[in-house]
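>>> Return a 3D structure for these sequence lines:
(2 chains)
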Amino acid sequence: MRMIEITLNGKTSRGTVEPRTSLADFIRYDCRLTGTHLGCEHGVCGACTLLVDGQPVRSCIMLAATADGADVRTVEGYRGDPVMDIIRECFGECHALQCGFCTPGMLAAAYDIVKRLPTADRDRIREELSGNLCRCTGYLGIINAIELALRRLAGGDGAQVSTRG
Amino acid sequence: MKSAAFQYERPASLEGALQILSENEGARPMAGNQSLGPMLNLRLAEPDLVVDISRLPELRRIEDSREAIVVGAGVRHADFEDGRVPDVLGGLLARVARGIAYRAVRNRGTIGGSLAHADPAADWPTIIIALGATLQVRSVRAERVIPASELITGALTTSISPDELIESIRIPRFDPARAEVRAVLSGNGLSPVIMTATGRAFSTGINSNGASVIKEAVRDDLEAHGFQELPSYESKLYQTSMVRAALGIANA
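Residues are numbered from 1 along each chain as shown, chains lettered A, B, ... in the order given. Below is the predicted model:
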């Protein structure tokens, strides 16, 4: 067993973990934050994507022990971030979620896209989202939402939502 | 699935990591965990001990000289993608890096880990071989330099011993007066092609027997087979197969 300490959504979380414990399992079972979803558990589906030191990371293939000392943000900790507020607003307006299973990971990916690629076009958004699977929406609403968020963050009114595929 | 149980060490130095590897036969080094992690969770790998080398500063160094760049094995794909590694090859390294998996994977995965894992579908091994890179490999016993072309002996198999670590990768610069990188096709990750202004083309891949393949051909031959850069994944796959045919490389 190993003692670890992470900053989780701005608060210190300590725990004793087995070395094999993933960051996702530590957050879900030890910290009791179940907004981080586990789909494939081998780094393919992207559902467990969250922000480690501000960067999107697969929490199913990052060991909790490796994350010791890191700053971790999950879907429970996004409120109040002005960029994430706009992204979430756009997800709602564009119907970018149905069952919601992929949404925590999608939000982490979307946050990375708007922060890192402020001029991304629809093709680039698609490319960047290729690591996050959604089985409900067909992606169109998610792409629309990110495009709209980019426009709003750039200062446009963003009232028009593209319906192009 | 969840990984089988293992012990875990996170040494503070490269020497410490090498010492632990030398004393534990069933130990596996873990850098970004983006290849080992899935194998652990699928229980395709069940090491007794995982040695976490993800934070070792010795593996994160980047040196730039007139002849080459030397990149620490722990440098991440995103470091290439974002330009934190000097762009000495006309944007080639950044472009290869951007094609690796997804951003969340590139934020953790390392070039050394990709090479040591030796997945035939990986992007770095083929390109590093094509560029004529050499690897600095260390253990407590010895330090040695091996050409990248001698690294991979088969799928998921390398010439590196279990007690050794790749410390850095030395990538020679192209002489801009004589050559420049023109394009790379890496649609299926098996057969990137680098063309230079002098008309030399390199293609590398791992054939069905697991051996490395390196070929050269003149640009005219490639152009005669319709070689050009195309944007989509499918067209790259198609072009890659065309180029392979032009170079006489059997599809694996």
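>>> Contacts only, for residue A:107.
A:75, A:78, A:84, A:87-88, A:91 (C-beta atoms under 8 Å, 6 or more residues apart in numbering or on different chains). For the C-beta atoms, the positions are set from N, CA and C on the backbone; glycine is no exception.
>>> do residue A:129 as well
Shown here is residue A:129, whose contacts under the criterion C-beta under 8 Å, 6+ apart are A:106, A:109, A:113, A:139, A:142-143, A:146.
>>> Among these, which ones are in strands?
For those, membership in strands holds for none, with DSSP state E as the criterion.
>>> Residue B:36: which of these is nearest?
residue A:109 (23.1 Å; C-beta to C-beta).
>>> Check the contacts of residue A:129 and tell me the two furthest apart.
It's A:113 and A:139 that sit farthest apart of the contacts of residue A:129, by C-beta to C-beta, at 13.3 Å.
>>> neighbour-wise, which of the two wins?
Between residue A:113 and residue A:139, counted using other C-beta atoms under 10 Å in any protein chain shown, residue A:113 has the larger neighbour count: 23 against 19.
>>> Hmm, that one is touching residue A:127, no?
No - with contact defined as C-beta atoms under 8 Å, residue A:113 does not reach residue A:127; the gap is 9.8 Å.
>>> Would you tell me which residues of chain B are close to chain A?
With C-beta under 8 Å from any C-beta of the partner chain as the criterion, chain B meets chain A at residues B:1-8, B:10, B:30, B:33-34, B:37-38, B:40-42, B:50, B:52, B:54, B:78, B:101-105, B:107-108.
>>> middle-most residue in chain A, spatially?
Within chain A, the residue whose C-alpha comes closest to the C-alpha centroid is residue A:108; the distance, by C-alpha atoms, centre = their mean, is 2.0 Å.
>>> And it, how far from chain B?
For residue A:108, the distance to chain B equals 8 Å [C-beta to the nearest C-beta, to the nearest Å].
>>> What segments of the stretch 1-150 of chain B are strands?
With DSSP state E, counting those that start in this stretch as the criterion, the stretch 1-150 of chain B has strands at B:7-9, B:27-30, B:49-52, B:62-64, B:68-72, B:134-138, B:143-147.
>>> Contacts for the first one, please.
If you take C-beta under 8 Å, 6+ apart as the criterion, strand B:7-9 is touched by A:2, A:19, A:63, A:65, B:20, B:48-52.
>>> quick check, residue A:50 in a strand?
Yes - Residue A:50 forms part of a strand when assessed by DSSP: H, G, I helix; E, B strand; the rest coil.
>>> per-residue confidence for it?
Per-residue confidence for residue A:50 comes out at a pLDDT of 98.
>>> what about it, how many neighbours?
Burial of residue A:50, expressed as a neighbour count using other C-beta under 10 Å, amounts to 30.
>>> Contact partners for it?
Counting by C-beta under 8 Å, 6+ apart, residue A:50 touches A:23, A:27, A:36, A:56-57, A:59, A:72-75, A:104-105, A:108.
>>> who's in contact with residue A:54?
Residues counted as contacts of residue A:54 (C-beta under 8 Å, 6+ apart) are A:71, A:73.
>>> Thought residue A:56 was touching the residue nearest to the centre of chain A, still the case?
Yes - contact between residue A:108 and residue A:56 holds when scored by C-beta under 8 Å: they sit 4.7 Å apart.
>>> Now list whatever residues contact both of those two.
Overlap between the neighbourhoods of residue A:108 and residue A:56 consists of A:49-50, B:104, taking contacts as C-beta under 8 Å, 6+ apart.
>>> what's the closest of those to residue A:121?
Within the set of the shared contacts of residue A:108 and residue A:56, residue B:104 lies nearest residue A:121; the separation is 21.0 Å, counting by C-beta to C-beta.
>>> Do you know the pLDDT at that closest one?
Per-residue pLDDT puts residue B:104 at 98.
>>> Run a quick neighbour tally on it.
When counting by other C-beta under 10 Å, one arrives at 30 neighbours for residue B:104.
>>> Which strand residues bridge the nearest residue to it once chain neighbours are set aside?
Take residue B:104 and drop its neighbours on the chain: the residue closest to it by C-beta to C-beta, 6 or more residues apart in numbering or on different chains is residue A:56, 4.3 Å away. In this structure, residue A:56 bridges to residue A:51 when assessed by DSSP bridges.
>>> quick one: contacts for residue A:56?
Contacts here follow C-beta under 8 Å, 6+ apart; on that basis residue A:56 touches A:49-50, A:108-109, A:111-112, B:103-104, B:107.
>>> which residue sits closest to residue A:45, ignoring its sequence neighbours?
In this structure, residue A:45 finds its nearest non-sequential neighbour in residue A:39, 3.8 Å apart by C-beta to C-beta, 6+ apart.
>>> same question but for residue B:36, I mixed them up
Of all residues not flanking residue B:36 in the chain, residue B:30 sits nearest, at 5.4 Å (C-beta to C-beta, 6+ apart).
>>> And for residue B:151?
The spatially closest residue to residue B:151, leaving aside those adjacent along the chain, is residue B:158, at 5.4 Å (C-beta to C-beta, 6+ apart).
>>> And for residue B:145?
Once its chain neighbours are removed from consideration, residue B:145 has its nearest residue in residue B:134; the separation is 5.3 Å (C-beta to C-beta, 6+ apart).
>>> surely the one you found meets residue B:150?
No - Residue B:134 sits out of contact with residue B:150 when judged by C-beta under 8 Å, with a separation of 9.4 Å.
>>> In terms of neighbours, single out the busier of these two.
Higher neighbour count among residue B:134 and residue B:150: residue B:134, with 20 against 13, using other C-beta under 10 Å.
>>> So what pairs up with the more buried one in the strands?
Assessed by DSSP bridges, residue B:134 has beta-bridge partners residue B:147, residue B:170.
>>> Tell me if I'm right that residue A:20 and residue B:33 touch.
No - between residue A:20 and residue B:33 there is no contact, the gap being 11.6 Å when judged by C-beta under 8 Å.
>>> overlap in contacts of the two?
Going by C-beta under 8 Å, 6+ apart, residues that sit against residue A:20 and also against residue B:33 are A:63, B:40.
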